[in-house]
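[1] take this sequence and fold it.
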Amino acid sequence: MTFRRWLVLGVVAVTAPFGDTLLSIGMTRVGPVSLHHLSTLIYALKTPQILFGIALLICFFSSYLASLSWADLTFVLPASSIGNVIVALLARFWKHEHISPTRWLGILLITAAVGFVARGPSYTEVPHPHESTELEPEVEPR
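    Residues are numbered from 1 along each chain as shown. Just a heads-up that it's a prediction; the model follows:
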């Protein structure tokens, strides 16, 4: 794998937890939102933390799509699962949330399971449309 592909996976792993954390911070400040009161929802969408969180989640989704174009889902999803650990750390140290020992154990088990899954082949080569495949014989020009 190239440095650029590792960088894309890094963006996938980091942007989702930070985006989700910013959405949580923003919604804590806004308060309860109901579809019956659309003005509160519109106000929430104007909150800087929520806007930045949405931008990070768009960045996550774009990077996720890019990584799925060259790697197996069974590689990309475990690689992005480090986000579970990052979310827990952000919640604990940035949002000052209490995380029970049972939740820490669950995060540890998820991380260990991801380690087992990630030991498989890292990616599948996908031929580009302009490249020939083994099924199609190359035709030499005359």
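[2] which other helices and strands does the lengthiest helix in the chain contact?
    Secondary structure assigned by DSSP state H gives helix 3-30 as the longest helix of the chain. In terms of contacts (3 or more C-beta pairs under 8 Å, 6 or more residues apart in numbering; DSSP states H and E), helix 3-30 is packed against helix 38-45, helix 48-70, helix 73-80, helix 82-93. For the C-beta atoms, the positions are set from N, CA and C on the backbone; glycine is no exception.
[3] of all the ones you listed, which one comes closest to residue 117?
    helix 73-80 (4.6 Å; C-beta to C-beta).
[4] mind listing what's buried along the helix or strand bottoming out on mean pLDDT in the chain?
    None of the helices or strands of the chain scores lower by mean pLDDT, DSSP states H and E than helix 73-80, at a mean of 80. If you call a residue buried by 16 or more other C-beta atoms under 10 Å, then helix 73-80 has these buried ones: 75-80.
[5] redo those residues as a markdown table? Include distance to residue 101.
    Shown next, in a markdown table, are the buried residues of helix 73-80 (distance: C-beta to C-beta, whole Å):
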| residue | distance to residue 101 |
| --- | --- |
| 75 | 31 |
| 76 | 30 |
| 77 | 27 |
| 78 | 24 |
| 79 | 27 |
| 80 | 25 |
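[6] residue 61: which of the residues you listed is nearest?
    Set against residue 61, the nearest of those by C-beta to C-beta is residue 80 (11.2 Å).
[7] now that closest one. Nearest residue, chain neighbours left out?
    residue 12 (4.7 Å; C-beta to C-beta, 6 or more residues apart in numbering).
[8] thanks again, I'm all set now.
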